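K.L.:
this is the structure alone, sequence omitted:
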């Protein structure tokens, strides 16, 4: 079951986050990132245990994808959840950063 949440974006140039307060939880849900050139490394996603299974983390990833479309950056899905969402959404391929080895 998915509910609509208000997402607060922070962008500190070198790092940032997408956060949402969740009713009944003492911590916000969040997706954090670090800048790497023209890409953002999505390094951590957290949803409070009481709020899991409600589609909140997916909405945080979708907000990052929307910003990638609007702002022209790509995403390195270092976080396993973000990587799984990229696999679920092949249409997001243009926003997947190419990793140099």
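P.N.:
That came through fine. Since we're looking at a predicted model, the values are computed, not measured. Residues are numbered from 1 along each chain as shown.
K.L.:
which SS class is the residue nearest to residue 49 when sequence neighbours are not counted?
P.N.:
Closest residue to residue 49 in three dimensions, ignoring its sequence neighbours and counting by C-beta to C-beta, 6 or more residues apart in numbering: residue 25, at 8.0 Å. Bear in mind the C-beta positions are built from the backbone N, C-alpha and C, glycine included. Secondary structure, DSSP: H, G, I helix; E, B strand; the rest coil: residue 25 is coil.
K.L.:
and residue 25, how many neighbours?
P.N.:
16 (other C-beta atoms under 10 Å).
K.L.:
tell me the predicted confidence for it.
P.N.:
pLDDT recorded at residue 25 is 85.
K.L.:
next, it: phi, psi?
P.N.:
Main-chain dihedrals, residue 25, degrees, to the nearest 10: phi -120, psi 150.
K.L.:
how about the contacts made by it?
P.N.:
Residues counted as contacts of residue 25 (C-beta atoms under 8 Å, 6 or more residues apart in numbering) are 48-51.
K.L.:
also residue 50?
P.N.:
Taking C-beta under 8 Å, 6+ apart, one finds 22, 24-25 in contact with residue 50.
K.L.:
repeat that for residue 15.
P.N.:
Shown in contact with residue 15 (C-beta under 8 Å, 6+ apart): 32-35.
K.L.:
which helix or which strand is home to residue 84?
P.N.:
Assigned by DSSP states H and E, residue 84 belongs to helix 80-88.
K.L.:
would you point out which residue is most central in this structure?
P.N.:
With distances taken as C-alpha atoms, centre = their mean, the residue of the chain nearest its centroid is residue 61 (3.3 Å).
K.L.:
what is the three-state secondary structure of residue 60?
P.N.:
When classified by three-state DSSP, residue 60 comes out as helix.
K.L.:
how close does it sit to residue 21?
P.N.:
12 Å (C-beta to C-beta, to the nearest Å).
K.L.:
so those two - more neighbours on which side?
P.N.:
Between residue 60 and residue 21, residue 60 has the larger neighbour count (other C-beta under 10 Å), namely 28 against 14.
K.L.:
give me the element the closest residue to the more buried one other than its chain neighbours is part of.
P.N.:
Distances taken as C-beta to C-beta, 6+ apart put residue 31 closest to residue 60, at 4.1 Å, once the chain neighbours are dropped. Per DSSP H and E, residue 31 falls inside strand 29-36.
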